[in-house]
Every structure is written in structure tokens, then in C-alpha cells.
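Undergrad: here's a sequence, model it:
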Amino acid sequence: MREPLATVTCRRRPAARWRACAPWLALVALFVVPPLVSALILPARMSQGWLLACLAQAATMIVFALSYNLLLGGTGLLSFGHAAPAGIGAFVAAHLFNRYAMALPLLPFVGGLGGAAFGVLTALVAARRAGTAFAMITLGLGELVAAAAWALPGAFGGEAGVGIDRASGPAWAGWTFGSDLQAYCVIAAWCLLASAAMFALSRTPFARLANAVRDNPVRAAALGVAPARARAAMIVWSAGFAGVAGTLALINIELAAAESVGMMRSAAVLIATVTGGTASFFGPVLGALVWVAFSVGIASVTRAWMLYVGLFFIAVVLAAPDGLAGFVARQRAWIARHGWRRGMRAWAAGAFAVASGALAFVLALQWAYAVRLRDADPGAWLASLTPRGAWWLAGAIVVLAAFAVAGAYRARDLARALDVQENTR
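TA: Sure thing, here's the model as predicted:
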């Protein structure tokens, strides 16, 4: 006897609500749990500065990537100069904070207004274009701002940048924001607030119009939607939230530098957003965390971290064009179709292949860097191996590569066998 539809619907609603709330709970836990655990584990005399700085950098990158996805994922606009509004917002906030008595928690709002003002200028120039033309215009604007940062030291501070003293502003509920923990609380709170605001914006009718312009601007225009206006409005919103992200970085390091408007930062947010996935709201969040893991964690142990970033980005684009979020969604659907137990063998074979191939590649690359750079690389000990040790290392790399190839073929065969069994039912 089949269950009533109302019973099935009521049963599914709690699960759907949990799936909707789980990413937000995970985001809150990311900012709350590590500082609490470290405070309980570490002795009282030890500082949490490194951990708080990493989490603050992650919060900044999350807001930055989400703001970029308003353009790329929401409106289909590829920008090569998204660092410009972020840097402009940070410089505006720094100058106003140094000149006027302003509470530190209000500073990201000021930076957001500065970024939005630059977004208005960008919209006036580029809103009527899309595709390659828009990308080239933003590239030009970004390079103009980067050049101005060095040509106008009065506004951008030159090589020294524009610094601030967090504790120089008025106190807020007894907080002076001189400590790393108080500044981190401001950054984490603004990250959650800005993320929630962008999530709400992505669910508005205006965002649906931007999606229509992204998918088919000609048809959207035929229905009465002005594509240029939709693009212009989203450019301003995106630049405003980018200004918030830039100001969060200013609060974290107490400096707005000329490098904050450079091409490198624009490339970083592009890589993070595409890696995470533009089709999902939380895809850029995942990509931002991956970028911070590379730029902080991997960079602390090897000088080849940028090479790892580039290769990982290429691998994601080739294996999962919809990003890590899309890959996770497809794996969830695959598990729902086949079940955990039946799919565990294929998953284990795939994980073994990835782990073996990654280890072989890392050993080979670090060996090459050690031979080339000698004492300048953390893995310099690989260059001092005896001939016998070098042969053993080369053999291990070959064996791991063979395991990776065999594991990949095994995972593919198991997955195909499950699909054939499913289709023959």
C-alpha cells in the first residue's frame, strides 16, 4: 500500500531543510570551532595569531569569491579586474579611518560604498558589452588602477601602501580591536553577514533577470528586460561586496597595499571561483577555502605552490567543468542511485588512484625543485640522496604512477559495471 503524498512530503521537508541549513552551519562552525578548540588545547601563554590570521584570510576570500560569482555565475560576465573595486574600497576605508573617528566594525560598510562607486564607473564603460569585450574592458580598467597605485603615491601610498591602526578608532562595547581575536570577530561576523546578503540577493527577481540576460540576452530584451541595465546593476552590487572583502583584508593586516589592485589578485579570485563552481552558491566558498589552503598551507612547505595551484586548476577544469561543488553533487546523485555499499569499491579504487598519482607527482616535482634550488627549497634533502637512494626514489615514483593508472582503470570498470546493472533492472 502506497503512503499518502502528504506523509511523504512531510517526511522530506525536514531533510530538505537540513540540506539547506547544513552549508551555513558548516560555515559558522569553520569560524567558531577552531579558535575555541585551540584556546582549550594551547597553553594560555601561546598566541592564536597564526590560526586567526588564516581564518581571517579565508573569510576575506569567501566574500571576495562570492562577490565575483555575482558577475560570472549570476550574469555571465567574465572580469579580469575584480581586484580593482576590492582595492579601491580598502584604500577609501583606510583614508577615512585615519582621518575621522570611526568605529572599526563600520569600516567594511565604508569600503563597500567605495567599491560600489568604482562599480558605477565600470558599469558606465562596460555594461553594454559581454563576453570577450567585457573581459578586455575590465582587464584594461584593472591595469589602469594598478598603474595609478604606483603613479599616485598620495592616494595609494606608493610602495609602503596606506596603513591603519585598528586600536586608534573609538571603542565599541568596550572592545578596542587591538587584539587579533577582536579583529577576527569583526571579520568573521562581516563574512557571515555579507554572505547572507549575497545569498538573499541571489534569490531575488532581479537576480533571475540577470540569469536571463546571462542565458539569452536577445530573448530577455524581447521580453522587455534591458540587458545593459541588468548588467550595470549587478556590476555595482558585485563591486560593492568586493569593496567589503578588500576592507576585511585591510582589517586583518592593517595595510592597503598597491598589490591589492594587481592582476595577481584578480587571477586568484577567478581561480577560486571557477575551481569551486559557479553554478552553486556555496561553490565559490569551497574554492576560496581551497585557494587559502594552497596559498597558506602548501606555500609554507614548498616554493612550488603556484605550480600546484595551476595544475590543480587544470585538473578540476578537465575532470569537473562544473567545479568541485558540481562534482560533489554528481557524486551524491551517483550514491543515491547505487547506494553506499555498492559504490564503495569504485570509490575506494578512485581514491587509491588519486592518492597514488598525487604522491608520485609530488615526489617527482619536489625532487626536481630540490635538485634545481638546493638549499633554497624546504625539500632540499632530496638533492642529497645517495645514488642508491635516488634509484629507490625513482622506482617508488614509477610504482606509484603504475598504481594510479591501474586504480583509475579499476574504478572506471566498477562504475561502468554498476551503471550496466542499474540499466538492466
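
Undergrad: gap between the closest residue to Gly287 other than its chain neighbours and Gly131?
TA: With CB to CB, 6 or more residues apart in numbering as the criterion, Gly287 has its nearest non-adjacent residue at 2.5 Å, and that residue is Gly276. For every residue, glycine as well, the C-beta is placed using N, CA and C. Per CB to CB, to the nearest Å, Gly276 is found 22 Å from Gly131.

Undergrad: who has more neighbours out of the two?
TA: Per other CB atoms under 10 Å, whichever of Gly276 and Gly131 has more neighbours is Gly276, with 28 against 10.

Undergrad: and the gap between the more buried one and Val290?
TA: For Gly276, the distance to Val290 - CB to CB - is 7 Å.

Undergrad: okay, and the common contacts of the two?
TA: Residues touching both Gly276 and Val290 (CB atoms under 8 Å, 6 or more residues apart in numbering): Leu324.

Undergrad: my read is that Val63 contacts Leu193, right?
TA: No: taking contacts as CB atoms under 8 Å, Val63 lies outside contact range of Leu193: 9.4 Å.

Undergrad: pick out whichever of the two has more residues nearby.
TA: Using other CB under 10 Å as the criterion, Val63 and Leu193 rank with Val63 on top: 33 against 14.

Undergrad: what's the closest non-adjacent residue to the more buried one?
TA: Using CB to CB, 6+ apart, the closest residue to Val63 is Ala245 (4.0 Å).

Undergrad: try Ala130
TA: Leu77 (6.4 Å).

Undergrad: then Gln182?
TA: Gln182 sits nearest to Trp175 (CB to CB, 6+ apart), 5.0 Å away.

Undergrad: neighbours around that neighbour, how many?
TA: 17.

Undergrad: same question, Ala151
TA: 10.

Undergrad: which elements pack onto the strand or helix carrying Leu192?
TA: In this assignment (DSSP states H and E), Leu192 forms part of helix 180-202. Contact analysis of helix 180-202 by 3 or more CB pairs under 8 Å, 6 or more residues apart in numbering; DSSP states H and E lists helix 5-41, helix 49-75, helix 227-253 as its packing neighbours.

Undergrad: go through these and pick out the most buried.
TA: helix 227-253 (a mean of 26; mean count of other CB atoms under 10 Å).

Undergrad: quick one: that helix to chain centroid distance?
TA: Distance of helix 227-253 from its chain centroid, counting by CA atoms, centre = their mean, to the nearest Å, is 15 Å.

Undergrad: what helices and strands are in contact with it?
TA: Using 3+ CB pairs under 8 Å, 6+ apart, helix 227-253 is in contact with helix 49-75, helix 83-99, helix 107-126, helix 180-202, helix 205-215, helix 217-222.

Undergrad: can you tell which of these is closest to Val328?
TA: Proximity to Val328 (CB to CB) singles out helix 49-75 among the helices and strands packed on helix 227-253, at 16.2 Å.

Undergrad: show me what that closest one is packed against.
TA: Checking 3+ CB pairs under 8 Å, 6+ apart, helix 49-75 ends up next to helix 5-41, helix 180-202, helix 205-215, helix 227-253, helix 263-276, helix 283-292.

Undergrad: in a markdown table, list those helices along with mean pLDDT and distance to Ala90.
TA: Formatted as a markdown table, those follow (pLDDT from 0 to 100; distance: least, CB to CB, whole Å):
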| stretch | mean pLDDT | distance to Ala90 |
| --- | --- | --- |
| helix 5-41 | 74 | 21 |
| helix 180-202 | 93 | 13 |
| helix 205-215 | 91 | 26 |
| helix 227-253 | 94 | 4 |
| helix 263-276 | 92 | 11 |
| helix 283-292 | 93 | 18 |
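
Undergrad: and those: which comes nearest Leu318?
TA: Using CB to CB, the nearest of the helices and strands packed on helix 49-75 to Leu318 is helix 263-276, at 12.2 Å.

Undergrad: for that closest one, buried residues please.
TA: Across helix 263-276, burial judged by 16 or more other CB atoms under 10 Å covers Arg265, Ser266, Ala268, Val269, Leu270, Ile271, Ala272, Thr273, Val274, Thr275, Gly276.

Undergrad: for Val399, state which of those is nearest.
TA: Thr275 (30.0 Å).

Undergrad: need the contact list for the closest one.
TA: So Thr275 contacts Leu286, Gly287, Val290, Trp291, Phe312, Phe313, Val316, Gly323, Leu324 (CB under 8 Å, 6+ apart).

Undergrad: which one (most neighbours) among those?
TA: Counting by other CB under 10 Å, top hit in these: Gly287 with 30 neighbours.

Undergrad: Ala279 and Leu209, how far apart?
TA: 18 Å.

Undergrad: Ile335 too?
TA: From Ile335 to Leu209 the distance is 35 Å (CB to CB).

Undergrad: equivalent analysis for Leu104, please.
TA: To Leu209, Leu104 is 36 Å away according to CB to CB.

Undergrad: could you find the closest non-adjacent residue to Ile271?
TA: Sequence neighbours aside, Phe313 is the residue nearest to Ile271 in space, at 5.3 Å (criterion: CB to CB, 6+ apart).

Undergrad: got the contact list for the one you found?
TA: Contacts of Phe313 were listed using CB under 8 Å, 6+ apart, and they are Ile271, Val274, Thr275.

Undergrad: in the host helix or strand of Phe327, what's buried?
TA: Assigning secondary structure by DSSP H and E places Phe327 in helix 323-338. The neighbour-count check on helix 323-338 (16+ other CB under 10 Å) flags Gly323, Leu324, Ala325, Gly326, Phe327, Val328, Ala329, Trp334, His338 as buried.
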